[in-house]
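Novice: Predicted model and sequence follow; I will ask about them next.
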Amino acid sequence: MSSTDPNEMADKFAVTETLYRFAAGIDLKDRELLASAFTDDAVSDFRLAAAKAGFEYPVLEGRDLIVSALSDSLKYIDTTHSVSNPRVSVSGDTARLDALVEAQHVSQNDQSHHYLMKNRYDVELVRDGGIWRIKRVTVDNVWRSGDPAVLSGV
């Protein structure tokens, strides 16, 4: 396919939109929207970014666990996730997405208490019926500033 093929362009947009659903689900604290971004057996690997922030975070396996863990851990934190520089490759019903995601985390108890991360997302997706879903996401941190203790929700 050429880069101007309308089907390829539609798929690339839909793949990127999946990461937008993920980010909006977190920011809006919308569990249903967040869940819509993942396959049932999805894997979320935040270990590299967590290590750079100074803490350990397990690999999460399964949509329900991912949604619960993210929703619970960010319950007392306001977040904004901004996705940029998405690069997408599609091959049939699978896709790869590499993007930068800037994630601001602000304590609900003290708005001056914040932690900003610029992360690189490596995402594997599959077409599930008429929708793209994340099969695996690996997050690495490029840079960070602020107080990582904000991520603990206190």
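Specialist: Happy to help now that I have it.
Novice: is it true that residue 93 touches residue 124?
Specialist: No - applying CB atoms under 8 Å, one finds residue 93 not in contact with residue 124, separated by 11.9 Å. Bear in mind the C-beta positions are built from the backbone N, C-alpha and C, glycine included.
Novice: if you count what's nearby, which of these two comes out ahead?
Specialist: residue 124 (16 against 11; other CB atoms under 10 Å).
Novice: which SSE is that one in?
Specialist: Per DSSP states H and E: residue 124 is located in strand 114-128.
Novice: List the buried residues in that strand.
Specialist: By neighbour count on 16 or more other CB atoms under 10 Å, the buried set for strand 114-128 is 114-121, 123-127.
Novice: repeat for stretch 98-111
Specialist: 99, 101, 103-107.
Novice: Distance from it to the middle of the chain?
Specialist: Relative to its chain's centre, stretch 98-111 lies at 12 Å (CA atoms, centre = their mean, to the nearest Å).
Novice: now do stretch 9-26
Specialist: The answer for stretch 9-26 is 10 Å, by CA atoms, centre = their mean.
Novice: Please apply the same query to stretch 77-88.
Specialist: Taking mean C-alpha positions (CA atoms, centre = their mean), stretch 77-88 and its chain are 7 Å apart.
Novice: C-alpha coordinates for it, PDB please?
Specialist: Output of stretch 77-88 as PDB, limited to C-alpha atoms (Å, rounded to 0.1, in the frame of the first residue of the first chain):
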ATOM      1  CA  ILE A  77      -4.200  12.200  41.200                       C
ATOM      2  CA  ASP A  78      -5.400  14.500  38.400                       C
ATOM      3  CA  THR A  79      -3.600  13.700  35.100                       C
ATOM      4  CA  THR A  80      -3.300  15.000  31.600                       C
ATOM      5  CA  HIS A  81      -1.800  12.900  28.900                       C
ATOM      6  CA  SER A  82      -0.700  14.500  25.600                       C
ATOM      7  CA  VAL A  83       0.200  12.200  22.800                       C
ATOM      8  CA  SER A  84       2.600  13.400  20.100                       C
ATOM      9  CA  ASN A  85       4.800  12.100  17.200                       C
ATOM     10  CA  PRO A  86       2.800   8.900  16.600                       C
ATOM     11  CA  ARG A  87       4.400   6.600  14.000                       C
ATOM     12  CA  VAL A  88       2.200   3.800  12.900                       C
END
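Novice: show me the contacts for residue 58.
Specialist: Contact analysis of residue 58 by CB atoms under 8 Å, 6 or more residues apart in numbering lists residue 47.
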